[in-house]
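[1] Test case, fold it:
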Amino acid sequence: MSESPVNGPTTAGASEPSGRSSRPVGSRQLGALPSMAAAFVVTLVLTAIVLAVSGAGEDGLARALRVTARWCFLLFWLAYAGTALARFCGPRFAVLARQARELGLAFAAALSVHIGLVLWIMNVAADRRTPMLLFWVGVACTYMLALLSVPQLRGWLGPRAWRIAREGTLHYIALVFAVDFIVAPLEANGPHEYPLSYLPFAIMLLGGALLRMAGQHARGNIAAP
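    Numbering: from 1, shown residues only. Okay, the predicted model is just below:
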């Protein structure tokens with residue numbers, strides 16, 4: 001997700017398919033559609049509200065980018081850290097593990113609106129564009145994982161290659177969010193004036209990464225002879 005494509009670093013997100021399910025493949029794919037549609041509509045509504053209040057100029061677009069970036073991040077974080085949260089924090093979070101795939105696809109759907117805003121503000125502020133390679137690679141990771149949520153496509157990779165691709169891309173997307181929520185504000189304001197509005201997202205990012213890595217380590221220990 002990009003907080004400010006014309007002034008600074010950017011951020012993107014990803015989807016993670018959930019574990020095996022007893023539901024037929026077709027029903028699982030159709031089951032993700034309501035989540036994707038809801039996430040897309042919520043992002044559109046948030047964008048419309050911000051632009052109605054702030055206008056469709058550069059300032060209004062920048063605010064809409066910030067709002068949609070945070071909403072997309074919440075969806076990403078639930079897909080990114082939800083399974084590990086359920087593992088370490090008990091069955092009350094089990095729904096997050098079961099819905100990891102749906103949450104990831106919802107994130108991909110919401111991200112499409114955010115991408116539209118990025119392209120819009122790049123057109124409005126064409127004279128002040130900044131490189132956005134980090135963002136676009138994150139977008140590519142997001143939609144690659146969304147495609148690989150289709151079991152037939154994921155099966156081509158094999159279990160080991162799939163795990164490597166999934167973990168690598170998800171951690172990369174988390175890194176891209178970290179640039180927006182941690183690195184860029186620190187560079188712009190310094191550690192003593194770090195905006196408190198970014199702090200909850202920074203804590204969630206760091207905590208989510210630690211949870212996920214701990215979950216992978218625990219799963220490896222269980223699988224080891």
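[2] Could you pull out the helices in this protein for me?
    25-54, 58-89, 94-98, 100-124, 133-148, 151-157, 159-178, 184-189, 199-223 (DSSP state H).
[3] For the third one, which helices and strands make contact with it?
    Contact here means 3 or more Cβ pairs under 8 Å, 6 or more residues apart in numbering; DSSP states H and E; on that basis helix 94-98 packs against helix 58-89. Where C-beta positions appear, they are placed from N, C-alpha and C, glycine not excepted.
[4] Rounded mean pLDDT for the helix it packs on, please.
    Mean pLDDT, computed over helix 58-89, is 93.
[5] gap between it and the chain center?
    Relative to the centre of its chain, helix 58-89 is centred 6 Å away, using Cα atoms, centre = their mean, to the nearest Å.
[6] Same check on stretch 153-165?
    With Cα atoms, centre = their mean, you get 20 Å for stretch 153-165.
[7] same check, this time on stretch 143-157
    17 Å.
[8] and what of stretch 35-50?
    Distance, stretch centre to chain centre, for stretch 35-50: 15 Å (Cα atoms, centre = their mean).
[9] Put the alpha carbons of that stretch into PDB.
    Extracted C-alpha coordinates of stretch 35-50, given in PDB (Å, rounded to 0.1, in the frame of the first residue of the first chain):
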ATOM      1  CA  SER A  35     -15.300 -11.500   1.700                       C
ATOM      2  CA  MET A  36     -13.700 -10.100  -1.400                       C
ATOM      3  CA  ALA A  37     -16.800  -8.200  -2.400                       C
ATOM      4  CA  ALA A  38     -17.300  -6.800   1.100                       C
ATOM      5  CA  ALA A  39     -13.600  -5.700   1.400                       C
ATOM      6  CA  PHE A  40     -13.800  -4.100  -2.000                       C
ATOM      7  CA  VAL A  41     -17.000  -2.200  -1.200                       C
ATOM      8  CA  VAL A  42     -15.800  -1.000   2.200                       C
ATOM      9  CA  THR A  43     -12.700   0.400   0.500                       C
ATOM     10  CA  LEU A  44     -14.700   2.100  -2.100                       C
ATOM     11  CA  VAL A  45     -17.000   3.600   0.600                       C
ATOM     12  CA  LEU A  46     -14.000   4.800   2.600                       C
ATOM     13  CA  THR A  47     -12.500   6.400  -0.500                       C
ATOM     14  CA  ALA A  48     -15.800   8.100  -1.400                       C
ATOM     15  CA  ILE A  49     -16.200   9.500   2.100                       C
ATOM     16  CA  VAL A  50     -12.700  10.900   2.300                       C
END
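[10] Check what contacts that stretch and list those residues.
    Under the contact criterion Cβ atoms under 8 Å, 6 or more residues apart in numbering, stretch 35-50 has outside partners 60, 63-64, 67-68, 71-72, 75, 99, 102-103, 105-110, 112-114, 117.
[11] Compute the number of surrounding residues for residue 151.
    Residues near residue 151, counting by other Cβ atoms under 10 Å, number 13.
[12] what bits of the chain have low per-residue confidence?
    Scanning the chain with the threshold set as pLDDT under 70 gives 1-31, 218-225.
[13] which residues touch residue 74?
    With Cβ under 8 Å, 6+ apart, residue 74 has no contacts at all.
[14] try 10 Å this time
    Under the criterion of Cβ atoms under 10 Å, 6 or more residues apart in numbering, the neighbours of residue 74 are 103, 107, 110, 201, 204.
[15] List the buried residues of stretch 158-168.
    Within stretch 158-168, the residues that count as buried by 16 or more other Cβ atoms under 10 Å are 162, 165-166.
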